[in-house]
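Student: output the structure for:
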Amino acid sequence: MIRRACYEDADEILEVIVKTNRVFFSKIIPKKYFKDPVLTKEELLREMKNIEFYVYELEGKIVGVSGLSIEDREIGVVRRVYVLPEYQRRGIGTALLRHIENIAKRRGLRTLKIRTSEKAYWAISFYRKLGYKMAGKIRVPWGYDVVFTKEIRDHT
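Tutor: Below you'll find the predicted structure:
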């Protein structure tokens, strides 16, 4: 089940983000730059003021999370797409991203953007499979992040 997150979910959301980030990104971001934990509870609570988080619950446990922030009238940004490693490859990430896309459409947004590391081949493959196209690169200390976009509404 997917639902809008609330502040009471912060500890479980944090666990999903930190654990998943540690498992996957610690392998591609040099130790010198890798922040662990990637996010503190205080930072997450601040993010929750500007990002609408949605959680995927299975048997009462949050196993996936994603968020949406609004860049401007037409562009939304997908934030923090994370699914616990042991729950991946079950369609949870796809369901979360589709949910975000539907919310963005209802809000009248035309485009969604997502950013990830150019070395995160699994994320790049996932986003491409869901129709996102590479739109640019952003320099980071350890290489580049890539930005993907997807048109979610016709320009009529």
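
Student: show me where this protein has helices.
Tutor: Here the chain has its helices, by DSSP state H, at 10-25, 41-47, 92-106, 121-129.

Student: tell me which residues are up against the third one.
Tutor: This means helix 92-106. Applying Cβ atoms under 8 Å, 6 or more residues apart in numbering, the contact partners of helix 92-106 are 2, 52, 54, 56, 58, 63-68, 76, 78, 81, 83, 112, 126, 130, 150, 152-153. In short, each C-beta sits where N, CA and C put it, glycine included.

Student: tell me which of those fall in strands.
Tutor: Here DSSP state E is the test, and the contacts of helix 92-106 give 2, 52, 54, 56, 58, 63-68, 76, 78, 81, 83, 112, 150 as lying in strands.

Student: and those residues, which are buried?
Tutor: Buried subset of these (neighbour count, 16 or more other Cβ atoms under 10 Å): 2, 52, 54, 56, 63-68, 76, 78, 81, 83, 112, 150.

Student: count the residues that sit near Tyr127.
Tutor: When neighbours are counted by other Cβ atoms under 10 Å, Tyr127 registers 23.

Student: who's the residue nearest to it when sequence neighbours are not counted bridged to?
Tutor: Nearest residue to Tyr127 in three dimensions, chain neighbours excluded: Phe148, at 4.8 Å (Cβ to Cβ, 6 or more residues apart in numbering). Beta-bridge pairing for Phe148 (DSSP bridges): Ile114, Met134.
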